[in-house]
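> How does the following fold in three dimensions:
(one chain, ligands or ions: 1)
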Amino acid sequence: MDRGKLSLIACNSGVPFYKKVIKELKKMVNHSICIPGSKEYYFANGEVKTIIKNNVRGNDIYIFQNIDDPNSKNNINDNFFALLTAIDAARYADADSITAVIPQFPYARQERRKSREGITAKLVARHLESAGVNRIITLDIHAEAIQGFFPKAKLENLHASTTFINYFKSLNLEKENTVVVAPDMGSTERARIYSNALHFGIAVIDKERNYSKASTIANMKLLGDVKDKNLIIVDDMIATGGTLISAITELKKNGAKDIYIATSLPYFNGNAVEKFDKAYKEGIFKKILGTDAVNLGKEFSIEHPWYEEISMAPLFAKVIYNINHKHSVSALL
Ligand code: R5P
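Okay, here's the model as predicted:
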């Protein structure tokens, strides 16, 4: 037997991805899916309220939000709170099961303490659970151990790698002349998955951060041979771009040929886009492959020919369908 009726709503910043996932789901679901509709209201003092427009009692509801949205005047904290109000609304509306579809898990880089500070990823988990969420679906979460921060809710961490690997297979890069690069130690497992699937070599950059300042790199050391090789750098996210700009500069100095970058969450915070525009003009890299888990908009890849977007909507739609129908999800991971 299935769960309750498959129902989908979106907070404002979740709308573009939600629409794409609905389109994919409609190809799979014979009976109609429930789109109850919702509205996010803002008060003069900045408080937010979500109202679900139609009945969801007993339903299996999926609430979409893209928390870091470059096209919104809301910051991450505003969007996270809007999500909490939507979850709370679904709980009070008596949905049977509530899933937050958040391709970007906020504060995922604060999953352990380095000094006198909190563990904010765990604080996020506590807020989501206390609002009433039963499950979270996310994409390439920065630290998988965050799953353990939820005593009750389940976290499904999806991966962009299968889709990206198929893209790189289609490029027919020469096996003996292509190397997958992890731009820091945290990315080595991801790089190994690509290297094994594509039968390419592997190299790693030892990135030393300066934790006295946010987003600052102290030093980078390359481990491996990249001379005259095409490179595929894999990272979970581009935030300020500091990691990748330093990495590609170092790799070029070491004789790299064409450099491709594959990243699940291309936030391009601050002046990151300008940095990549400049690096592209200087011929330092060839392409960045990203996903629509971040709302960059249709025009972005036209204005920045170095960028190509791959949609994660088919994967998210299959996972949502399988959860609702109580089919295996691990088969899709
Ligand atoms: C770091 O551990 C992450 O995997 C990313 O490499 C990093 O967060 C990207 O940030 P930025 O673009 O600001 O260097």
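
> What ranges does this protein have for its helices?
Taking DSSP state H as the criterion, the chain carries its helices at 15-28, 76-92, 120-131, 161-170, 188-198, 242-253, 272-281, 300-303, 313-324.

> For this protein, which residues are neighbours of the ligand?
Within the chain, the positions adjacent to the ligand are 109, 183-184, 186-187, 215, 235-243 by C-beta under 6 Å from any ligand atom. All C-beta spots, glycine's among them, are computed from the backbone N, C-alpha and C.

> got the contact list for N55?
Listed by C-beta atoms under 8 Å, 6 or more residues apart in numbering, the contact set of N55 reads P36, A93.

> what does K227 give?
K227 makes contacts with N254, G255, A256, as judged by C-beta under 8 Å, 6+ apart.

> Of the residues of the chain next to the ligand, which belong to strands?
Using DSSP state E, the members of the residues of the chain next to the ligand that fall in strands are D235, D236, M237, I238.

> which of the residues you listed lies closest to A247?
Within these, proximity to A247 (C-beta to C-beta) peaks at D235, which comes in at 8.5 Å.

> so can I have JSON lines of the ones in strands among the residues of the chain next to the ligand showing distance to Y18?
JSON lines is the format used below for those (distance: C-beta to C-beta, whole Å):
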{"residue": "D235", "distance to Y18": "26"}
{"residue": "D236", "distance to Y18": "22"}
{"residue": "M237", "distance to Y18": "21"}
{"residue": "I238", "distance to Y18": "23"}
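
> Pull the most distant pair out of those residues.
Maximum distance among these (C-beta to C-beta): 9.1 Å, for D236 and I238.

> more crowded one of the two?
Counted by other C-beta atoms under 10 Å, D236 and I238 do not tie: I238 has more neighbours, with 25 against 19.

> Any idea what the closest residue to E308 other than its chain neighbours is bridged to?
Using C-beta to C-beta, 6 or more residues apart in numbering and skipping the chain neighbours, the partner closest in space to E308 is L289 (5.3 Å). On the basis of DSSP bridges, L289 is bridged to A262, E308.

> List the contacts of L289.
The contact partners of L289, taken as C-beta under 8 Å, 6+ apart, are F164, Y167, Y260, I261, A262, T263, E308, I310.

> got the helices of the chain as CSV, with mean neighbour count and mean pLDDT columns?
Putting the helices of the chain into CSV (neighbours: other C-beta atoms under 10 Å; pLDDT from 0 to 100) gives the following:
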stretch, mean neighbour count, mean pLDDT
helix 15-28, 18, 96
helix 76-92, 20, 98
helix 120-131, 18, 98
helix 161-170, 16, 95
helix 188-198, 17, 96
helix 242-253, 20, 93
helix 272-281, 16, 97
helix 300-303, 13, 96
helix 313-324, 21, 96
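
> what would those helices look like in a markdown table with distance to C34?
Formatted as a markdown table, the helices of the chain follow (distance: least, C-beta to C-beta, whole Å):
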| stretch | distance to C34 |
| --- | --- |
| helix 15-28 | 11 |
| helix 76-92 | 12 |
| helix 120-131 | 21 |
| helix 161-170 | 28 |
| helix 188-198 | 36 |
| helix 242-253 | 41 |
| helix 272-281 | 38 |
| helix 300-303 | 32 |
| helix 313-324 | 11 |
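
> domain parsing for this protein?
Recorded structural domains for the chain (assignment: automatic domain parsing) are 6-158+313-332, 161-310.

> Next, the distance between the ends of the first one.
If I follow you right, that is domain 6-158+313-332. One end of domain 6-158+313-332 to the other measures 19 Å (C-alpha to C-alpha, to the nearest Å).

> Can you tell me how far E117 is from the ligand?
Distance, E117 to the ligand, by C-beta to the nearest ligand atom, to the nearest Å: 17 Å.

> filter the residues of the chain next to the ligand to the buried ones?
109, 183-184, 187, 235-243 (16 or more other C-beta atoms under 10 Å).

> so which pair among these is furthest apart in space?
S187 and T240 (16.4 Å).
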